[in-house]
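Participant: need a structure here:
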Amino acid sequence: MIMNGHAYEKACVGYLRRHGYSGVTLTGNSGDYGVDIICRRLIKRYAVQCKYYSRPVGVAAVQQVVGGMAYYDCDRAIVITNTTFTRQAYELAERNNVTLIHGYDGRTGLRVKLFILIVLLVIANIAVNYYL
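Facilitator: Coordinates of the predicted model:
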């Protein structure tokens with residue numbers, strides 16, 4: 001699968017769901033105020049910015065999600081990237097209580113699905129051989 005910004009956002013939806021977030025919803029392509037996903041975890045509402053880059057993510061992503069957090073009336077913010085973050089991004093995130101998730105390449109969900117498929121095929125093969 002070729003990864004682009006929109007595909008990465010969809011992959012991040014799956015990542016968040018697998019990590020206990022609920023009501024995970026994409027905000028849309030344009031005019032999103034720096035927020036790609038809105039979700040909940042326990043009683044908190046989260047604004048999430050997704051960055052699929054080939055270089056470290058800078059402070060602008062943190063600034064955008066902090067502004068978007070206010071716009072979408074969220075309690076917390078998260079920035080997810082496939083790469084890393086700059087020192088300035090870490091500093092601003094710490095001061096604004098923004099969670100930074102680095103190194104998520106967007107393909108982990110595919111690995112899980114492939115593993116489940118293989119397990120199901122093995123079980124089906126065992127069942128067929130048992131009943132024949």
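Participant: Which stretches in this structure count as helices?
Facilitator: For the chain, the helices defined by DSSP state H occupy 5-18, 59-71, 87-95, 108-131.
Participant: could you give me the average pLDDT of the second one?
Facilitator: So the one you mean is helix 59-71. Helix 59-71 shows a mean pLDDT of 95.
Participant: For that helix, give me every contacting residue.
Facilitator: 32-35, 47-49, 51, 74-79, 81, 86, 88-89, 91-93, 96, 98, 100 (CB atoms under 8 Å, 6 or more residues apart in numbering). For every residue, glycine as well, the C-beta is placed using N, CA and C.
Participant: would you put the C-alpha positions of stretch 80-94 in CSV?
Facilitator: The C-alpha trace of stretch 80-94 is given here as CSV (Å, rounded to 0.1, in the frame of the first residue of the first chain):
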residue,chain,number,x,y,z
ILE,A,80,1.5,11.3,15.6
THR,A,81,4.3,10.9,13.1
ASN,A,82,6.2,8.1,11.3
THR,A,83,9.5,10.0,11.9
THR,A,84,10.7,11.9,15.0
PHE,A,85,10.2,15.4,16.4
THR,A,86,12.6,18.3,16.7
ARG,A,87,13.8,19.5,20.0
GLN,A,88,11.6,22.6,19.7
ALA,A,89,8.6,20.5,19.1
TYR,A,90,9.3,18.4,22.2
GLU,A,91,9.7,21.6,24.3
LEU,A,92,6.5,23.2,23.1
ALA,A,93,4.6,20.0,23.5
GLU,A,94,5.8,19.6,27.1
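Participant: what about burial for the contacts of helix 59-71, which qualify?
Facilitator: 32, 34-35, 47-49, 51, 74, 76-79, 81, 86, 89, 92-93, 98, 100 (16 or more other CB atoms under 10 Å).
Participant: Run the angle between the lowest-mean-pLDDT helix or strand in the chain and helix 5-18 for me.
Facilitator: Within the chain, confidence by mean pLDDT, DSSP states H and E is lowest for helix 108-131 among all helices and strands, at a mean of 74. Using axes from the mean of the first three to the mean of the last three CA atoms, to 10 degrees, the direction of helix 108-131 lies 60 degrees away from that of helix 5-18.
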